[in-house]
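Colleague: From the sequence below, what's the structure:
(2 chains)
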Amino acid sequence: MGGATIVPAVETSFTVNGQTVHMALDPRESLLDVLRERLGLTGTKKGCDQGQCGACTVHLDGRRIVACLMPAVQANGRAVATIEGVASPDGVLHPLQEAFIEHDALQCGYCTPGQVMSGLACIAEGHVGSDAEIREYMSGNLCRCGAYAGIVAAVRQAGRSGI
Amino acid sequence: MRAFAYAAPATVAEAVDALVALGPGAKFLAGGTNLYDLMRLEVETPPAVVDIHRLAGFEAIDTAGATELIFGAGARMSDVADDPVVRAEYPALSESLRLAASQQLRNMATVGGNLLQRTRCGYFRGGSQYPCNKREPGSGCAARGGIDSGHAVLGVSDACIATYPGDWAVALLAFDATIDVAGPHGERSVAVAELHLEPGDTPQREHTLAADELILRIRVPVSRAGAGSTYLKIRPRESYAFALASAAAGLSLDPGGTVSDCRIALGGVATRPWRCTAAEQSLLGGRLTTDAARRAGEIAFADARPGRHNAFKIELGIRTVAEALRIAAERAAR
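Modeller: Numbers count the residues shown, from 1 in each chain, chains lettered A, B, ... in the order given. Presented below is the predicted three-dimensional model:
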């Protein structure tokens, strides 16, 4: 009755954009919340927090996932990549980021980090053979501004340029 | 979210032991895309979880065997969907996975966990503000008097009309798949046809596995109908949505074009993955004409019991079956 449930913290180690982090985590914490609230990496966005919008897309061991539906303890021993690691350290944008600008692939920009992370994976997976294939494999990333035509154009351009 | 204890064992044996040691209510957590989501909604409130997402050997895929395809329960949906043998020789299996969720979710979710995916009924997910016999036995069914446009028309009961939401289990059912499970008392096998339950008076019981049993692998017998198959999924939008109606169809044709093997299973319209044996029988020994395909669809939905807003699923479902059979026949004739 009103007493606290004691749950042991879970020692967790993983890398984020190549840097190792060690943390004691409450198993309830999502990877998304750990990235944003504990590590200050607020580029990864929280949209629906239910796995439906794709705004929190990051890469885990090189594959895209949604960070909101993963307890951060599951990242133990793994490599996480976020939007903060996409541009060069000297600030030069990635060709896909340049393509987003060139094709007006955003308006408000809130979904854009997730779109870029998803687009990078879409290209790496080889799912850029046609606009229909790009649309299908980008369908996990919603854009409330409706910049879809530009997003498809940007992914197509970056994908065809062999990055 | 309620607090829970967390264990991450390294092997299947340790995982089974850990679940028992953590006591009643403990659950296995694999990809997390369903359980962790429902825990956040407090629809699921396990006091402990055993993380099985990286168990040794749990994600192995073997499609080279002469008698069966074997998918480790921990294999990711995306990996099975993209397996070259699955893509080429069992398109219904591949399509059922590729048309489910998004690539991000398919990279997380496992093919074992997906079998036990829980319903998307909004009243079930909506929590204690709604009565729900599945979530809170005996509390009633908000869907029956509410908006039931997404709900089932086959296998429904007075207690529950929630749709089984998955695609993969539907395709597996059509191809007579079996799962192997491990528990404290050893291993056993369960046909996918015997895995899921209709709601009846106990909609909280969705499957025949014990709470301490872990799915190890899925086995699919090799069949000629695999190559002549499709999974056709009709959704409210083109991609990334649950099925309004779906059909897995597989056909073998004699050289003369006569149907010698036929598999039909439905998704999106029933309370569990739904095999249509009578519809299959109606096609055996004949040619797959447009009329015969339509008739098979009508047989599949002969016992449908629509509610207030979902009667459209009957005609939609009939047409989905007919179109899936047409695609399957085209592929079978190649």
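
Colleague: Get me the contact residues on chain A for chain B.
Modeller: Residues of chain A lying close to chain B (CB under 8 Å from any CB of the partner chain) are A:5, A:7-8, A:10, A:26-28, A:30, A:49-51, A:54, A:57, A:60, A:63-66, A:69-71, A:73-74, A:76, A:118, A:121-122, A:125, A:127, A:135-137, A:139-141. To be clear about C-beta, it is placed using only N, CA and C from the backbone, and glycine gets the same treatment.

Colleague: Just the buried residues of those residues.
Modeller: A:7, A:10, A:26-28, A:30, A:49, A:51, A:54, A:57, A:60, A:63-66, A:69-71, A:73-74, A:76, A:118, A:121-122, A:127, A:135-137, A:139-141 (16 or more other CB atoms under 10 Å in any protein chain shown).

Colleague: quick one, domains of chain A?
Modeller: For chain A, automatic domain parsing gives the domain ranges A:10-85, A:95-160.

Colleague: now the ones you listed as TSV including distance to B:Q117?
Modeller: As requested, those are exported to TSV (distance: least, CB to CB, whole Å):
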stretch	distance to B:Q117
domain A:10-85	12
domain A:95-160	17
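
Colleague: Save the ones you listed as a markdown table, and put in distance to B:P221 and mean pLDDT too.
Modeller: Below are these laid out as a markdown table (distance: least, CB to CB, whole Å; pLDDT from 0 to 100):
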| stretch | distance to B:P221 | mean pLDDT |
| --- | --- | --- |
| domain A:10-85 | 30 | 98 |
| domain A:95-160 | 30 | 97 |
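
Colleague: continuing past the host helix or strand of B:V170, what's the next helix or strand?
Modeller: Using DSSP states H and E, B:V170 sits in helix B:168-174. Next helix or strand after helix B:168-174 toward the C-terminus (DSSP H and E): strand B:178-183.

Colleague: Flag every residue of the stretch 151-300 of chain B that's near chain A.
Modeller: Within the stretch 151-300 of chain B, the positions lying close to chain A (CB under 8 Å from any CB) are B:238-240.

Colleague: Nearest spatial neighbour of A:V34, chain-adjacent residues omitted?
Modeller: If the residues on either side of it in the chain are set aside, A:V34 comes closest to A:A72, at 4.2 Å by CB to CB, 6 or more residues apart in numbering or on different chains.

Colleague: from what I can see that neighbour touches A:D33, true?
Modeller: Yes: contact criterion CB atoms under 8 Å: A:A72 and A:D33 qualify, at 7.4 Å.

Colleague: between these two, which one's more packed in?
Modeller: Each of A:A72 and A:D33 has its neighbours counted (other CB atoms under 10 Å in any protein chain shown); A:A72 has more, 24 against 19.

Colleague: Is B:A100 in a helix, a strand, or coil?
Modeller: Per DSSP: H, G, I helix; E, B strand; the rest coil, the secondary structure class of B:A100 is coil.

Colleague: quick one: contacts for it?
Modeller: Contacts here follow CB atoms under 8 Å, 6 or more residues apart in numbering or on different chains; on that basis B:A100 touches B:77, B:106, B:114, B:166-168.

Colleague: Mind doing that once more with 10 Å?
Modeller: B:77, B:81, B:106, B:109, B:114, B:117, B:165-168, B:231, B:233, B:240-243, B:246, B:267 (CB atoms under 10 Å, 6 or more residues apart in numbering or on different chains).

Colleague: For chain A, which segments are assigned as strands?
Modeller: Taking DSSP state E, the strands of chain A run over residues A:10-16, A:19-25, A:57-60, A:63-66, A:79-81.

Colleague: so of those, which one's packed in deepest?
Modeller: strand A:63-66 (a mean of 28; mean count of other CB atoms under 10 Å in any protein chain shown).

Colleague: Strand partners (parallel or antiparallel) of that one?
Modeller: strand A:57-60 (antiparallel) (DSSP bridges).

Colleague: What residue in chain B is the furthest from its centre?
Modeller: Most distant from the centre of chain B: B:G256, at 34.0 Å, with distances by CA atoms, centre = their mean.

Colleague: per-residue pLDDT, it?
Modeller: pLDDT for B:G256: 93.

Colleague: Please report how far it lies from B:G285.
Modeller: Between B:G256 and B:G285 the computed distance is 11 Å (CB to CB, to the nearest Å).

Colleague: now do A:A132
Modeller: In terms of CB to CB, A:A132 sits 38 Å off from B:G285.

Colleague: now swap in A:V86 and tell me
Modeller: Computed as CB to CB, the A:V86 to B:G285 distance reads 59 Å.

Colleague: B:E323 now?
Modeller: In terms of CB to CB, B:E323 sits 22 Å off from B:G285.

Colleague: can you check A:H94 too?
Modeller: Distance, A:H94 to B:G285, using CB to CB: 60 Å.

Colleague: can you check B:R2 too?
Modeller: Relative to B:G285, B:R2 is positioned 56 Å away (CB to CB).

Colleague: Smallest gap between the stretch 1-150 of chain B and chain A, at which residue?
Modeller: Of all residues in the stretch 1-150 of chain B, B:S102 sits closest to chain A, at 2.3 Å by CB to the nearest CB.
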